[in-house]
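A.B. asks: take a look and give me a structure for this.
(one chain, ligands or ions: 1)
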Amino acid sequence: MSAAPEIRIMTDRQELAEEAAELFVWLGEQATTASGRFRVALSGGTTPKGLYAALAGPDLCTKLAWPHVDFYFSDERCVPPDHPDSNFGMANETLFRPLKIQPEHVFRMAGEDNRPERAALQYEELLRKALQAPAPAWPSFDLVLLGLGEDGHTASLFPGTQALDERERLVVATTAPQGVKNRLTFTAPVINNARAIVFLVSGSSKATAVRLALEVPNQSDPRIPARLIRPETGRLIWFLDRTAASELTIAKQGVVSHEE
Ligand code: 6PG
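C.D. replies: Below you'll find the predicted structure:
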């Protein structure tokens, strides 16, 4: 039975980014002390930009032994790495270059491959090898960062897609209803095998999806893919700003300080 999610509500997007960055560093210190490596899967979208800026900023850029950090991606749009919609491209500009992360510590999905299913299989093989998890074992990340779409999607697990039901594969090719159509994504079991899963959600446009993800009783409602994210034994932490949390009962009852 997975633990209940931890919900942390921040005043605004900036505080959310700063608090998430502090947690990132703390988890990194724990992982590198325990195993010598910090294996993190980055999410896509725009919300993580603030986190990446905080990590590369003067307060935190020296706080983690970056050569001990291995960066993966929980999903990718099927575009070249230098495309403006590439999740790798955004992380490269805002995190890897500023921190001078060496290429051998960055494992991107081949969004440029015109055969997404082949790219998915190749990334799956890469994960099994890099995280020493031959089938049927599941690789375990120290941290998986996730965002949330207004339709309740996370990574590239979109409502109504077969990817939601996948329980064998680690990575699959799928499609998105808007934006870049072809995607590559972790499946729910890979994410749920992580030691820590952190959602970063900001903005009033996400408030309904947050409520449906966290408060609607039907545990794994396929219409809300984020409800599939329940770590086996790891921590599940939701970083929300006040606007994203505005429909939550706990927020309405005013029982939450600026950070819970
Ligand atoms: C992607 C992401 C996706 C994202 C959400 C939130 O590749 O688009 O993985 O799941 O995290 O759509 O995106 P924003 O942070 O841009 O709101």
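A.B. asks: quick check: mean pLDDT of the helix or strand Ile9 falls within?
C.D. replies: Using DSSP states H and E, Ile9 maps to strand 6-10. The average pLDDT within strand 6-10 is 97.
A.B. asks: which elements pack onto that strand?
C.D. replies: helix 13-35, strand 235-241, helix 249-252 (3 or more CB pairs under 8 Å, 6 or more residues apart in numbering; DSSP states H and E). The C-beta positions use only the backbone N, C-alpha and C, and glycine is treated the same way.
A.B. asks: got the angle between it and strand 235-241?
C.D. replies: Put simply, strand 6-10 runs at 20 degrees to strand 235-241, going by axes from the mean of the first three to the mean of the last three CA atoms, to 10 degrees.
A.B. asks: distance between strand 6-10 and the chain's centre?
C.D. replies: Mean C-alpha position of strand 6-10 versus that of the full chain (CA atoms, centre = their mean, to the nearest Å) differs by 16 Å.
A.B. asks: paired strands for it, with orientation please.
C.D. replies: Here strand 6-10 is paired, per DSSP bridges, with strand 235-241 (parallel).
A.B. asks: tilt between the strand it pairs with and helix 13-35?
C.D. replies: 160 degrees.
A.B. asks: let me know whether strand 235-241 sits next to the ligand.
C.D. replies: No. Judged by CB under 6 Å from any ligand atom, strand 235-241 stays clear of the ligand, getting no closer than 11.8 Å.
A.B. asks: any idea how far the helix or strand of the chain with the lowest mean pLDDT is from the middle of the chain?
C.D. replies: The helix or strand of the chain with the poorest confidence is helix 249-252; it has a mean of 83 (mean pLDDT, DSSP states H and E). Remark: helix 249-252 is offset 25 Å from the chain centroid, using CA atoms, centre = their mean.
A.B. asks: how about that helix: buried residues?
C.D. replies: Ala251 (16 or more other CB atoms under 10 Å).
A.B. asks: elements contacting that helix?
C.D. replies: Using 3+ CB pairs under 8 Å, 6+ apart: helix 249-252 touches strand 6-10.
A.B. asks: so which bits of the strand it packs on are buried?
C.D. replies: Ile7, Arg8, Ile9, Met10.
A.B. asks: how far away is the last one from Gly50?
C.D. replies: Counting by CB to CB, to the nearest Å, the separation of Met10 from Gly50 is 11 Å.
A.B. asks: quick check: neighbours shared by the two?
C.D. replies: Counting by CB atoms under 8 Å, 6 or more residues apart in numbering, the residues touching both Met10 and Gly50 are Leu16.
A.B. asks: need the residues of the protein near the ligand, please.
C.D. replies: 43-47, 75, 87, 147-149, 153-156.
A.B. asks: fine, thanks again, bye for now.
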